[in-house]
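Asker: Need the 3D shape of this:
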Amino acid sequence: MPFDSQYTPETITPEEVAHSKGPLMIEFGTNWCGFCKAAQPHIRAAMEHYPGVEHVKVEDGKGRRLGRTLRVKLWPALVFFKDGQEITRLVRPDNCEDIETALAQIQNH
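Answerer: Next comes the predicted model:
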């Protein structure tokens, strides 16, 4: 799945996440967040090696149901799922290797 550079309002519900099939990475953040902008090259590079992982980019903030359900507190937060189950998460990733390790976990889990 191609890398998306923009966060968009929630396009997936907690129920859809719970019933998802296969590997899924949800990236929480905002377009104006400096930490989120700094992480983008690392996320993009890691995703190039895992085209089979669905990548959903969610604009987070006050009152956003999905982020609150998953207890997201800092951005960017990458939450990794396999068949609807959370496997791991990264908060404010600052390198490609950690992201690739998490992607490998959900692809091979």
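Asker: the strands in this structure, which residues?
Answerer: Per DSSP state E, the chain carries strands over the ranges 23-29, 54-59, 77-82, 85-91.
Asker: can I get these in TSV with mean neighbour count?
Answerer: For every residue, glycine as well, the C-beta is placed using N, CA and C. Listed next are those as TSV, based on neighbours: other C-beta atoms under 10 Å:
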stretch	mean neighbour count
strand 23-29	24
strand 54-59	20
strand 77-82	23
strand 85-91	16
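Asker: want to throw the ones you listed into TSV with mean pLDDT and distance to A39?
Answerer: Below are the strands of the chain laid out as TSV (pLDDT from 0 to 100; distance: least, C-beta to C-beta, whole Å):
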stretch	mean pLDDT	distance to A39
strand 23-29	96	8
strand 54-59	94	11
strand 77-82	98	8
strand 85-91	98	9
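Asker: export the ones you listed to CSV and tack on distance to I43?
Answerer: Shown next, in CSV, are the strands of the chain (distance: least, C-beta to C-beta, whole Å):
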stretch, distance to I43
strand 23-29, 7
strand 54-59, 8
strand 77-82, 7
strand 85-91, 10
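Asker: which intervals of the chain have sub-threshold pLDDT?
Answerer: Residues of the chain meeting the criterion pLDDT under 70: 1-4.
Asker: One more pass at 90, please.
Answerer: In the predicted model of the chain, residues 1-12, 61-64, 108-109 satisfy pLDDT under 90.
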